[in-house]
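Undergrad: Structure for this input, please:
(2 chains)
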Amino acid sequence: MKDFDPSVLKKNPASPRTLFGLMMSGIAGLFTLIAIVPLFIILGYLVTKGISSLRLTVFTELPPPPLVSGGGFGNAILGTIIMVGIGGIISIPVGIMAAIYLSEFSQDSKFASLIRFATNVLSGVPSIIIGVFAYSAIVLTTRQYSAWAGGFALAILMLPIIVRTTDEALKLVPQEVRQASIAVGANNYQTVLQVVLPAAIPAIITGITLAVARAAGETAPLLFTALFTQFWPNLDNYFVEPTASLAVLVYNFAIVPFKNQQELAWAAAFILVMLVLVTNIISRIATAKKIY
Amino acid sequence: MRINPYLKSSLTDPDRVEKVEIHSHLKIFMPTKDHHDNSEAGIKKRSALERNLDFSFYWAAKIFAFAIAGVLIWITVQVLIKATPAIQEFGIGFLTNSSWNPVKSDYGVLPAIYGTLVSSAIALSISVPIGLGIAIFLSEDDYLPPAIQRIVVFLVELLAAIPSVVYGLWGIFVLIPFLKKITPLRGPGMLPAALILSVMILPTIAVISRDAIMNVPKGLRQAAIGVGATRWEAIIQIVLPAASSGIIGGIMLALGRALGETMAVTMLIGNANKVDTSVFAPSNTVSSLLANQFAEASGLQISALMYAALILFAITLIVNVLAQFLIVKLQKI
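TA: Sure, this is the predicted structure:
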């Protein structure tokens, strides 16, 4: 060991290898900063422009015609609630049942991995394609733009999110809980509905909220299924009529040259982003808690 | 029929419970009302109603699970049927024709396909290096304290949650006026659309690559450090190659998202149906063609739009399926 010089083990601050490492660390850190900057710029504009155009009347009044000041988007808020509601009524039961099959009954069979694969592929289908599909399946069949067609499109969009989050939530429930339930004589649906599902409820609700926030901000599937309207929904039509939504309102009013409508677009965008922000933060807090 | 072994009960073998020998001292735990009656028979057989309920619950879950694959098939078939008239009319020449003329019923998607591919390519060339940098920076333990790292990861993920129409609104009123000042851009065009796209797909690349990097066994990196590699030599020569299938999968998913992204692009690209190689010129994508034309279309134009939608659907489907295979492969390391 005599010819071994221990000084070569010391980090040489001037060696090209060290300098290369330092440079790469700096670049990686810079890139991370670059990614967060647009987020804060966008949020900053939304807060300043959005809050300044936000008045109490925007929640209760109808969209104004060009060049008329005032007005709001009460009908668009109501329309978004109706269509996301329809989407939820369709996608929540289907999604939760499918996830129950995947996590509880499938034993990770070929069929189950096929369904998981289909779920992932479905979540990658562009939202405009889902709009085209809902248009041809519902609007062309009924010959009528409707909240139902819009809600149906949103349901397809929400479905993969709900399946995936519920599947993951159910997998986190420990096996012992199921064994204990079987041991006291419960059968499949009792075990699932009364023991496993309640344990996973916080994570499932989180998934549903994320799906709702995502659906509320989607524009492309609603453009030619629900269309848009300047008027309140007429409940005598049972939602079979063009229906306004916040997301389509942002699009319509962003591409017009009228100041008052542009301000409403900023206010509506602010509400949409706040919805996303709040649901995302709450979901982090909710999933941090564990029942078992 | 496959049943979760832990849930195996009356469903597979309704009589099984009766055959179980019950020790007499266990009787007190039995939930039956009249436990003194079955001291010999064991536990009461499940009622027919209960067994039927159990059976239907299992099948209901299975059918709903199948519904997901069913929806995917339904979308394909529905769009294919509606596109058939245009497919018969225009055939494969639809891809190379660059006119979109409802008056003459002459349709082609060459400019839209060109715009879709070019905008996605520009977006990827910006966001792949940045996304990989973020993924590495946020997967090393000692760059940031854990609490701050969690917040930064959350912020990057939040970029993906902002609705696309909000990006479009911001692009119209902030990004385009800004780019007009520093570039020859005169209005909406390819450049702002591609830039906004790169921001929108950044979180997909960053988050999935970070997962892939964190899934690389720690031993690989320790071995590299052990034979004298520096941190970045270990990352570049060992960790990134080991995580490559997941990283490429994430990039493919991002590509799928960029190809199909509609609202922000529609609002910023200018919707000019012509092939122009300048990034400052207005252009078009398949999805913005659909968004702009569908509500007012009729007759053969609807079918032509369905044909365009079918092409977009096929491209994104292939990209997504490849991405899924690559990401699944990563989980097997």
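
Undergrad: quick one: low-confidence parts of the chain?
TA: Assuming you mean chain A. Along chain A, the model assigns pLDDT under 70 to residues A:1-2, A:289-292.

Undergrad: The chain in question should be chain B.
TA: Low-confidence regions of chain B, defined here as pLDDT under 70, cover residues B:1-43, B:330-333.

Undergrad: can you count the residues close to the residue in it that chain A sits nearest to?
TA: Closest contact between chain B and chain A, by CB to the nearest CB, is at B:G260 (2.4 Å). Heads up, the C-betas are built off the backbone N, CA and C, glycines and all. Residues contacting B:G260 under the criterion other CB atoms under 10 Å in any protein chain shown number 27.

Undergrad: list the contacts for it?
TA: If you count contacts by CB atoms under 8 Å, 6 or more residues apart in numbering or on different chains, B:G260 has them with A:125-129, B:287, B:312, B:316.

Undergrad: A:V47 and chain B: what is the separation?
TA: 12 Å (CB to the nearest CB, to the nearest Å).

Undergrad: Go ahead and confirm that residue touches A:F270.
TA: Yes - with contact taken as CB atoms under 8 Å, A:V47 and A:F270 are classed as touching, separated by 7.1 Å.

Undergrad: Which one's more surrounded, these two?
TA: Using other CB under 10 Å as the criterion, A:V47 and A:F270 rank with A:F270 on top: 23 against 13.

Undergrad: got the phi/psi numbers for that one?
TA: Dihedral angles of A:F270 (phi, psi; degrees, to the nearest 10) stand at phi -60, psi -40.

Undergrad: Any buried residues in stretch A:164-184, and which?
TA: Neighbour-count burial for stretch A:164-184 flags A:164-170, A:173, A:177-178, A:181-182 (criterion: 16 or more other CB atoms under 10 Å in any protein chain shown).

Undergrad: Could I have the CA atoms of stretch B:311-330 written out in CSV?
TA: What follows is stretch B:311-330, C-alpha atoms only, in CSV (Å, rounded to 0.1, in the frame of the first residue of the first chain):
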residue,chain,number,x,y,z
ILE,B,311,-57.1,10.7,-37.4
LEU,B,312,-56.3,12.6,-34.2
PHE,B,313,-57.9,9.8,-32.1
ALA,B,314,-55.8,7.2,-33.8
ILE,B,315,-52.5,9.2,-33.4
THR,B,316,-53.1,9.9,-29.7
LEU,B,317,-54.3,6.3,-29.1
ILE,B,318,-51.0,4.9,-30.5
VAL,B,319,-48.9,7.4,-28.6
ASN,B,320,-50.8,6.6,-25.3
VAL,B,321,-50.7,2.8,-25.7
LEU,B,322,-46.9,3.0,-26.3
ALA,B,323,-46.5,5.2,-23.3
GLN,B,324,-48.5,2.8,-21.1
PHE,B,325,-46.4,-0.1,-22.2
LEU,B,326,-43.2,1.8,-21.4
ILE,B,327,-44.4,2.9,-18.0
VAL,B,328,-45.6,-0.7,-17.2
LYS,B,329,-42.2,-2.0,-18.2
LEU,B,330,-40.6,0.5,-15.7
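
Undergrad: Give me the residues contacting it.
TA: A:117, A:120-121, A:124-126, A:128-129, B:75-76, B:79, B:95, B:109, B:113, B:116, B:208, B:212, B:215, B:243, B:245-246, B:248-250, B:252-253, B:255-256, B:259-260, B:286-287, B:290.

Undergrad: Which of those fall in strands?
TA: The members of the contacts of stretch B:311-330 all map outside strands under DSSP state E.

Undergrad: quick check, nearest of the contacts of B:G260 to B:V128?
TA: B:T316 (18.3 Å; CB to CB).

Undergrad: Any figure for the gap between that closest one and A:P126?
TA: In this view, B:T316 and A:P126 are 6 Å apart by CB to CB, to the nearest Å.

Undergrad: A:M158 now?
TA: When distance is defined by CB to CB, A:M158 is 15 Å away from A:P126.

Undergrad: out of the contacts of stretch B:311-330, which are buried?
TA: A:117, A:120-121, A:124-126, A:128-129, B:75-76, B:79, B:109, B:113, B:116, B:208, B:212, B:243, B:245-246, B:248-250, B:252-253, B:255-256, B:259-260, B:286-287, B:290.

Undergrad: how about the residues of the stretch 201-333 of chain B near chain A?
TA: By CB under 8 Å from any CB of the partner chain, the residues of the stretch 201-333 of chain B that approach chain A are B:202-203, B:206, B:230-233, B:235, B:253, B:256-257, B:259-263, B:267, B:287, B:290-291, B:294-295, B:302, B:305-306, B:309, B:312-313, B:316-317, B:319-321, B:323-324.

Undergrad: Any of the residues you listed buried? List them.
TA: Using 16+ other CB under 10 Å, the buried members of these are B:202-203, B:206, B:230-233, B:235, B:253, B:256-257, B:259-263, B:267, B:287, B:290-291, B:294, B:302, B:305-306, B:309, B:312-313, B:316-317, B:319-321, B:323-324.

Undergrad: which one is A:G74 nearest to, not counting chain neighbours?
TA: A:T60 (4.9 Å; CB to CB, 6 or more residues apart in numbering or on different chains).

Undergrad: excluding its backbone neighbours, what's nearest the residue of the stretch 151-292 of chain A found nearest chain B?
TA: Residue nearest to chain B within the stretch 151-292 of chain A (CB to the nearest CB): A:G217, separated by 2.8 Å. Distances taken as CB to CB, 6+ apart place B:P163 nearest to A:G217, at 2.8 Å, with adjacent residues excluded.
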